[in-house]
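Peer 1: Here's a sequence, model it:
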Amino acid sequence: MRQTPQDQAPRAGTRPRRHLRWLLPLLGAPVLFVVMIAVVEPISTGAPEDPSLPYALGVLTLIAVTFLAPLALLVTAVVQAARLKREARRRAGRFTRWELAEQERRAQAEASAAATWHQAVGAARAIVHGGRPPALTVWDVVPWHDESFHADVPIGYARYYGTAVQVPQTVAAYAGRPAFVAAGLATTALLDAGARAAALRQAVAQWREHQSVRLVVSDRRLVVQRHGEWLSFDHGGLTAVYPDPDRRGIVCQYRDCAPVMLWGEHAPLVAVVVVAAAYGPQALLQHPAMASIAHGVRASDLPTSPTSRSLET
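Peer 2: The predicted model follows:
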């Protein structure tokens, strides 16, 4: 649609306002410097021969402000001018090599996230309709009887547990004057208190072992490769599941081991498989945290109307 002069007027009027972001600090710097010189000069020339400490500190503060405040305004003007120039360059479609690489990286990340989300919705749709997600072969994990692998992906991994720590205690002997001994004992007590507090913080139950791992997802378990070791988490040992596919995460609690947190773009698929194994296929449509997945399943099940077909063609 062609723009009228009235439509273009507001845009043209915004250009001077944008330049005020660097023009005002640039003009204000010399003005502020002259004003501060006019304020400081009579104060410094009329200072008493033996000024008090507060008076001297006040004069030094004014002198510092005289030079630093205009300098801060000049730096602000340079920064704002550079930002305005960068915005104009980007509006004109001119990007640096780094910006183009960053745009490509973001586009690839968004495309990958969309693909993994559609994969999770497709797996949920298959499970809800009585089927299974697409199976794959994982040669370095021995399958259980009648077990089907559905994903072999990288994912974020952490465990929640506390540790037993030994509180360190410094043993030191001091000799000499009483003041020296008292200072040494006080220093030792402070060091011990800090070490004790750090040890107690470390012992508290918290999320640990944050790392990226390889995850194999099956209809019977989750298999994690951590530091070259395979850890198996059986769906039958679940005591609680906290899926959060919208934020790409899931937390699983088990009977015989510490809770597991998984996160990343493949977490929605993990949530689909785990929730279906723990609560049954219909839970994918009923679980409150799986509402986005359920919406995708229902939307894909809707028949295509003649109107929508004509629009697509």
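
Peer 1: Span of stretch 140-152 from start to end?
Peer 2: Terminal residues of stretch 140-152 lie 11 Å apart, using C-alpha to C-alpha, to the nearest Å.

Peer 1: Next, the buried residues of that stretch.
Peer 2: Val141, Phe149, His150, Ala151, Asp152 (16 or more other C-beta atoms under 10 Å). The C-beta positions use only the backbone N, C-alpha and C, and glycine is treated the same way.

Peer 1: Please verify my assumption that the second one contacts Pro143.
Peer 2: Which is Phe149. Yes. Counting by C-beta atoms under 8 Å, Phe149 does reach Pro143; the two are 6.7 Å apart.

Peer 1: circling back to that earlier point, and of the buried residues of stretch 140-152, the nearest to Thr61?
Peer 2: Nearest to Thr61 among these is Ala151, at 64.3 Å by C-beta to C-beta.

Peer 1: three-state assignment of that closest one?
Peer 2: Following DSSP: H, G, I helix; E, B strand; the rest coil, we place Ala151 in the strand state.

Peer 1: cool, and Val138?
Peer 2: At Val138 the chain is in coil, as set by three-state DSSP.

Peer 1: Phi first, then psi, for it.
Peer 2: Note on Val138: backbone dihedrals following degrees, to the nearest 10 are phi -120, psi 110.

Peer 1: quick one on the thing from earlier: now the common contact residues for Phe149 and Pro143.
Peer 2: Common contacts of Phe149 and Pro143 (C-beta atoms under 8 Å, 6 or more residues apart in numbering): Ser218.

Peer 1: Could you list the low-pLDDT ranges of the stretch 101-250 of the chain?
Peer 2: Along the stretch 101-250 of the chain, the parts satisfying pLDDT under 70 run over 164-186, 188-189, 191-203.

Peer 1: Do you have the helices of it handy? List them.
Peer 2: With DSSP state H, counting those that start in this stretch as the criterion, the stretch 101-250 of the chain has helices at 178-203.

Peer 1: need the strands for it, in chain order.
Peer 2: Remark: strands assigned in the stretch 101-250 of the chain by DSSP state E, counting those that start in this stretch are 149-161, 206-218, 221-226, 229-234, 238-244, 249-254.
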